[in-house]
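1. Predicted model follows, preceded by the sequence.
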Amino acid sequence: MWGFNVTEQTFPYDNRPVAPLTNYTFDEWWFHGHLDFPPHPSDVFQLPAGGAATTEISCDKGATSFFASSPGGDVRQGDNVCPNQPIAEFHTTGFDDLKGCALAIAYKSNASEVVPEDFTVFSVNQTCVWTRFTDFQVPERMPECPNGMCTCAWFWIHSADSGGEQNYMTSFQCNITGATSTVPLAKPQVPRRCGADPEFGKELASLSNCTYGAKQPLYWFQAENNTMFEGAHAPPFYTDLYNFVDGPQNDIFEDSYLQIPNPSPVAAFPVLNQTVSVGVNVPFASAGSNSSTIDPSSESNTNSGTQRILCWTKTSSCSFAQRDWIQTRPSSYHPLFALEKIQNSWTTLFSFFRIVFSFPISRFITRNI
């Protein structure tokens, strides 16, 4: 990874990979300012298409498999990300306060040619950073890398409930193994805040306002080159709030959709390409058919006794009053976050695989609003 051997003394400020990125110039935050500290050419993290890539995440390099190069030596405690530290040290108040992290890829072998718009998020783990060993599922249709080498990065923005406005970016060399598809990734777009946001008075999601398909990482709270402009107490996250589903991002390819309208609260839904949509986990699935938004105040919209009530939730229940839209759909369609009402009954690093992503041990101030 870039900056693996950077110490507290390498820069005039603490710029170790564990240090957070906040209000930095572009040269300071991009690749964590480590472009001049590249990995060894042979240190390439292998990403199996359709499989899981296991990473190590820790507050301290000494708590990882790479403890030999840590000043404090071996302090590992199994799957504990921050041995002998309270959970506030990894910026959360508990498991339900985790906000996820992401892996992104740029199909360029030369990192100096990569720009922010090149990175596409291909995998999200919404329970990151709870365990030292963290799996990221790789989409099955990922194409091979040019010359056996791509450029990847790990991104994380933590909960606002335990810490300041901080970003993390750890970059590394990567390669897709076992590729069977040649379909390129689509051009990634800027994510949009579209999920339910009850903390800020938004009880329902606005699914048609989401960014669908390939999405860029969340570039936030820096002095330059931001793409996200949320305030200090409303950070963006790699969760459903920005349509980053948990697991592989299977709809990021050029042929994933037949149509993607410009997002807005009143836009039609995108149309999935039915021939390649197997495994696509989006908040709805209107495969090969135009979508229509129906007035949620009407409970009489039916299609052969079938109603689909779309909710931004992964639970097995969703009250009729909580849905954003009702879509009339034949029963062959299967939205991920949907319940069927049929005949009035519900059914329902620091790292290389070596890649260890690390974040700082420091004091945190709990947010007050």
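-> Okay, I see it. Numbers count the residues shown, from 1 in each chain.

2. which residues of the stretch 51-200 of the chain fall in strands?
-> Listed in chain order, the strands of the stretch 51-200 of the chain (DSSP state E, counting those that start in this stretch) span residues 52-58, 101-106, 120-125, 133-137, 150-157, 167-177.

3. Leu185: which of these is closest?
-> Proximity to Leu185 (CB to CB) singles out strand 120-125 among those, at 5.1 Å. All C-beta atoms are positioned from the backbone trio N, CA, C, and that covers glycine.

4. Partner strands of that closest one, with direction?
-> Strand pairing for strand 120-125, determined by DSSP bridges: strand 101-106 (antiparallel), strand 247-248 (antiparallel).

5. For Ala268, the count of nearby residues, please.
-> 16 (other CB atoms under 10 Å).

6. Touching, it and Ser208? I think so.
-> Yes: when contacts are counted by CB atoms under 8 Å, Ala268 is listed as touching Ser208 (6.8 Å).

7. Okay, now the unreliable bits of the stretch 251-369 of the chain?
-> Filtered on pLDDT under 70, the stretch 251-369 of the chain yields the residue ranges 278, 283-369.

8. make that the stretch 1-150 of the chain, sorry
-> Applying pLDDT under 70 to the stretch 1-150 of the chain picks out residues 86-95, 97, 130.

9. What segments of it are helices?
-> Ranges of helices in the stretch 1-150 of the chain, per DSSP state H, counting those that start in this stretch, are 26-29.

10. Ok, which of the strands paired with strand 120-125 comes nearest Thr177?
-> strand 101-106 (13.2 Å).

11. angle of the closest one against strand 133-137?
-> If you take axes from the mean of the first three to the mean of the last three CA atoms, to 10 degrees, strand 101-106 sits at 50 degrees to strand 133-137.

12. Using CSV, list the CA coordinates for strand 101-106.
-> Coordinates of each C-alpha in strand 101-106 appear next as CSV, following Å, rounded to 0.1, in the frame of the first residue of the first chain:
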residue,chain,number,x,y,z
CYS,A,101,-16.6,1.5,4.5
ALA,A,102,-15.8,0.9,0.8
LEU,A,103,-13.3,-0.4,-1.7
ALA,A,104,-13.0,1.4,-4.9
ILE,A,105,-11.1,0.6,-8.1
ALA,A,106,-9.6,2.6,-11.0
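
13. Contact partners for Val280?
-> 250-251, 256, 272 (CB atoms under 8 Å, 6 or more residues apart in numbering).

14. Considering the residues you listed, which is situated nearest to Tyr212?
-> Nearest to Tyr212 among the contacts of Val280, with distances taken as CB to CB, is Asp251, at 6.6 Å.

15. which residues does that closest one contact?
-> 212-214, 257, 272, 277, 280-282.

16. now those in a markdown table, with secondary structure and distance to Lys187?
-> Shown next, in a markdown table, are these (DSSP: H, G, I helix; E, B strand; the rest coil; distance: CB to CB, whole Å):
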| residue | secondary structure | distance to Lys187 |
| --- | --- | --- |
| Tyr212 | coil | 13 |
| Gly213 | coil | 9 |
| Ala214 | coil | 7 |
| Tyr257 | strand | 12 |
| Leu272 | strand | 18 |
| Ser277 | coil | 19 |
| Val280 | coil | 18 |
| Asn281 | coil | 21 |
| Val282 | coil | 18 |
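
17. From the residues you listed, list just the buried residues.
-> 212-214, 257, 272, 277, 280, 282 (16 or more other CB atoms under 10 Å).

18. And the residues you listed, which two are furthest apart?
-> Among the buried ones among the contacts of Asp251, Ala214 and Ser277 lie farthest apart (CB to CB), at 15.0 Å.

19. where along the stretch 201-350 of the chain do the strands fall?
-> 247-248, 257-259, 271-272, 306-310, 325-327, 338-342, 345-347, 350-351.

20. what packs against the second one?
-> It refers to strand 257-259. strand 271-272 (3 or more CB pairs under 8 Å, 6 or more residues apart in numbering; DSSP states H and E).

21. next one: the strand it packs on to chain centre, how far?
-> A distance of 21 Å separates the centroid of the chain from that of strand 271-272, by CA atoms, centre = their mean, to the nearest Å.

22. and what of stretch 226-242?
-> 12 Å.

23. Let me see the residues that make contact with that stretch.
-> Residues from elsewhere that reach stretch 226-242, judged by CB under 8 Å, 6+ apart: 99-102, 116, 121, 124, 126, 128, 155-158, 160, 165, 190-197, 200, 205, 210-211, 215-216, 218-221, 244, 283, 312, 314, 367, 369.

24. circling back to that earlier point, tell me the one among the buried ones among the contacts of Asp251 nearest to Gly33.
-> Nearest member of these to Gly33, counting by CB to CB, is Ala214, at 26.4 Å.
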